[in-house]
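Participant: With the sequence up front, the predicted model follows.
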Amino acid sequence: MKNISRVATAALGLGLAALSAPSKAEEGAGFEPCYLSGLKEKVKCTSFDVPLDYANPESGTITVHATIVPALSSNPAEDPFFVFAGGPGQAAGDYGMLVRLAFDPIRTKRDIVLLDQRGTGRSSGVRCDGDQLPETLEEMSAIAAQCRENAPMDVRFITMENVVRDAEEVRAHLGYPALNLWGGSYGTRTWRFTCAAILNAYAASL
């Protein structure tokens, strides 16, 4: 549970004072220039591998993707604004319009990190497409079974615990010392799970 403890501690960075340092999004970490729908300027994207099952390192890996909208300040705070999307199934990398309309004031001081949670977007996204909505439980079960069979990853490992562990891997990969967390709709569950991890980590340290 060490990874969860670290990301839980990182979540406490809401009151962290800004330090004199360049934006972490300018320091490498395998970035590529990319675009977000809703934003005119280029932003930065990065993808890297994380364990499919953190409890079993031999289980293989999946790729997680994050989009970084760099802070506008020449002296940004070190703790970014970290976004979990709703759904379930939405990808934060599709939130360009929200960044422009709602998060622009935050961007003046902080990087905005849009994490596609595992199983969404470019993080081994699972898509269950169909022409019509199912009308019976049997039809719904058949669609779910087909979706699971065609998924690019083992859906048993799309869990809140693994998403939080992924978030810690992203934080470490990008080099941020702490995070400010925001979640919309289903993303609030990830946020609450992280808060629970804070309490569990604190209780275990007593």
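Facilitator: Yes, it's here.
Participant: from here on, contacts and neighbour counts on C-alpha atoms
Facilitator: Will do.
Participant: And the strands in the chain?
Facilitator: 32-34, 43-51, 61-69, 81-84, 112-116, 180-183 (DSSP state E).
Participant: With distance to Pro134 and mean pLDDT as added columns, please give these in a markdown table.
Facilitator: Putting the strands of the chain into a markdown table (distance: least, CA to CA, whole Å; pLDDT from 0 to 100) gives the following:
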| stretch | distance to Pro134 | mean pLDDT |
| --- | --- | --- |
| strand 32-34 | 37 | 91 |
| strand 43-51 | 34 | 93 |
| strand 61-69 | 30 | 94 |
| strand 81-84 | 28 | 92 |
| strand 112-116 | 27 | 94 |
| strand 180-183 | 29 | 88 |
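Participant: Which residue ranges of the protein form helices?
Facilitator: According to DSSP state H, the chain carries its helices in the segments 2-11, 96-102, 104-107, 137-150, 160-174, 186-205.
Participant: Need the strands of the chain in CSV (columns: mean neighbour count).
Facilitator: Written out in CSV, the entries for these read as follows (neighbours: other CA atoms under 10 Å):
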stretch, mean neighbour count
strand 32-34, 13
strand 43-51, 18
strand 61-69, 23
strand 81-84, 25
strand 112-116, 26
strand 180-183, 18
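Participant: Tell me which of those approaches Thr159 most closely.
Facilitator: Relative to Thr159, the nearest member of the strands of the chain by CA to CA is strand 43-51, separated by 12.8 Å.
Participant: in its sheet, what does that closest one sit against?
Facilitator: According to DSSP bridges, strand 43-51 forms sheet pairs with strand 32-34 (antiparallel), strand 61-69 (antiparallel).
Participant: Run through who's touching the longest one.
Facilitator: For strand 61-69, the external contacting residues (CA atoms under 8 Å, 6 or more residues apart in numbering) are 25, 43-53, 93, 107, 111-118, 122-124, 153, 166, 170.
Participant: what angle separates that strand from strand 112-116?
Facilitator: Orientation of strand 61-69 against strand 112-116 (axes from the mean of the first three to the mean of the last three CA atoms, to 10 degrees) gives an angle of 150 degrees.
Participant: Helix 160-174 and strand 61-69, what's the angle between them?
Facilitator: Here strand 61-69 points in a direction 60 degrees away from that of helix 160-174 (the same axes, to 10 degrees).
Participant: Give me the distance from strand 61-69 to the chain's centre.
Facilitator: Shown here is strand 61-69, whose average C-alpha point lies 8 Å from the average C-alpha point of the whole chain (CA atoms, centre = their mean, to the nearest Å).
Participant: Can you dump the C-alpha atoms of it in PDB for me?
Facilitator: What follows is strand 61-69 as a C-alpha-only set of coordinates in PDB (Å, rounded to 0.1, in the frame of the first residue of the first chain):
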ATOM      1  CA  THR A  61       1.700  -3.600 -18.100                       C
ATOM      2  CA  ILE A  62      -0.800  -1.200 -19.500                       C
ATOM      3  CA  THR A  63      -0.200   2.300 -20.900                       C
ATOM      4  CA  VAL A  64      -1.600   5.400 -19.100                       C
ATOM      5  CA  HIS A  65      -1.800   8.700 -20.800                       C
ATOM      6  CA  ALA A  66      -1.700  12.200 -19.300                       C
ATOM      7  CA  THR A  67      -2.100  15.600 -20.900                       C
ATOM      8  CA  ILE A  68      -0.400  18.600 -19.300                       C
ATOM      9  CA  VAL A  69      -1.600  22.100 -19.800                       C
END
